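Undergrad: Sequence first, then the predicted structure, then my questions.
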Amino acid sequence: MRCRLIEKDRFVLPELESERLLLRPRRLDDIDTIARMNADPQVMRHIAAIGDPAMGRDAVAARSFSHVAQGLGYWSVFARADPAEFTGYVGLIPDGEPVDDVQLSYRFEVRHWGKGYAGEAAICLLHHAFGTLGFPAIAITTHPLNSASLRLAERLGFEAEPSDPDILIGEPAVPAARLKLTLGDWLKLSSPEA
């Protein structure tokens with residue numbers, strides 16, 4: 001699958017595109033849509049309780065743009081067939097203190113589940129993370145019962161890591177499943193011979 005970088009600026013996340021999707025850096029006018037998605041019990045089933053302040057409008061707005069200078073942040077995803085309709089988002093976000101510790105995040109509206117959008121957007125963002133930004137590895141943190149997220153991570157080439165009892169997810173909170181994909185493994189998976 002091809003992923004194309006549309007523009008690059010150190011202090012602005014680039015626009016990206018894939019065969020079926022447009023990935024645009026998150027804007028302030030996306031925040032209300034994301035907060036509504038975060039209020040959907042199906043979307044949040046394995047993430048957090050409905051009404052969790054960390055998933056509300058103010059918290060989403062506060063964390064949305066804080067790491068852009070590092071090339072990290074969130075991209076709103078739109079289908080090329082309907083570029084005005086928000087389908088979900090993907091993100092590259094800090095995964096700890098070292099600058100190189102990065103996590104892939106994804107969340108899509110229920111009506112867009114099962115279309116392959118999450119995988120296509122994630123692959124596009126991984127091309128950017130490994131190819132353009134040169135990160136040595138990317139992590140995924142998800143609920144251990146979120147089978148759809150775990151299957152996607154596996155299809156992308158992520159491998160299970162030991163869980164950390166201090167990294168909790170869900171309501172009630174449980175230790176999160178942790179997965180990692182290294183640059184070396186990504187290069188093997190994305191090479192023409194793979």
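TA: Yep, that arrived. Numbering: from 1, shown residues only.

Undergrad: Please point out which parts of the lengthiest strand in the chain sit buried.
TA: Determined from DSSP state E, the single longest strand within the chain is strand 82-94. By 16 or more other C-beta atoms under 10 Å, the buried positions in strand 82-94 come out as 86, 87, 88, 89, 90, 91, 92, 93, 94. For glycine as for every other residue, the C-beta is placed from the backbone atoms N, C-alpha and C.

Undergrad: Tell me where the chain has strands.
TA: Counting by DSSP E, the strands of the chain are 4-5, 16-17, 21-25, 73-79, 82-94, 102-108, 137-142, 159-161, 168-169, 174-175, 177-182.

Undergrad: Can you lay out those strands as JSON lines showing distance to residue 126?
TA: Converted to JSON lines, those look like this (distance: least, C-beta to C-beta, whole Å):
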{"stretch": "strand 4-5", "distance to residue 126": "13"}
{"stretch": "strand 16-17", "distance to residue 126": "11"}
{"stretch": "strand 21-25", "distance to residue 126": "12"}
{"stretch": "strand 73-79", "distance to residue 126": "12"}
{"stretch": "strand 82-94", "distance to residue 126": "9"}
{"stretch": "strand 102-108", "distance to residue 126": "7"}
{"stretch": "strand 137-142", "distance to residue 126": "7"}
{"stretch": "strand 159-161", "distance to residue 126": "14"}
{"stretch": "strand 168-169", "distance to residue 126": "21"}
{"stretch": "strand 174-175", "distance to residue 126": "25"}
{"stretch": "strand 177-182", "distance to residue 126": "7"}
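
Undergrad: For residue 33, find the nearest of those strands.
TA: Comparison of the strands of the chain against residue 33 by C-beta to C-beta identifies strand 82-94 as nearest, at 5.0 Å.

Undergrad: Okay, the most centrally placed residue in the chain and residue 184: tell me how far apart.
TA: Geometric centre of the chain, nearest residue: residue 105, 2.5 Å, by C-alpha atoms, centre = their mean. Separation of residue 105 from residue 184 (C-beta to C-beta, to the nearest Å) stands at 22 Å.

Undergrad: about what we covered before: would you mind giving the strands of the chain as TSV with mean pLDDT added?
TA: Converted to TSV, these look like this (pLDDT from 0 to 100):
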stretch	mean pLDDT
strand 4-5	60
strand 16-17	96
strand 21-25	97
strand 73-79	97
strand 82-94	95
strand 102-108	97
strand 137-142	97
strand 159-161	97
strand 168-169	94
strand 174-175	94
strand 177-182	97
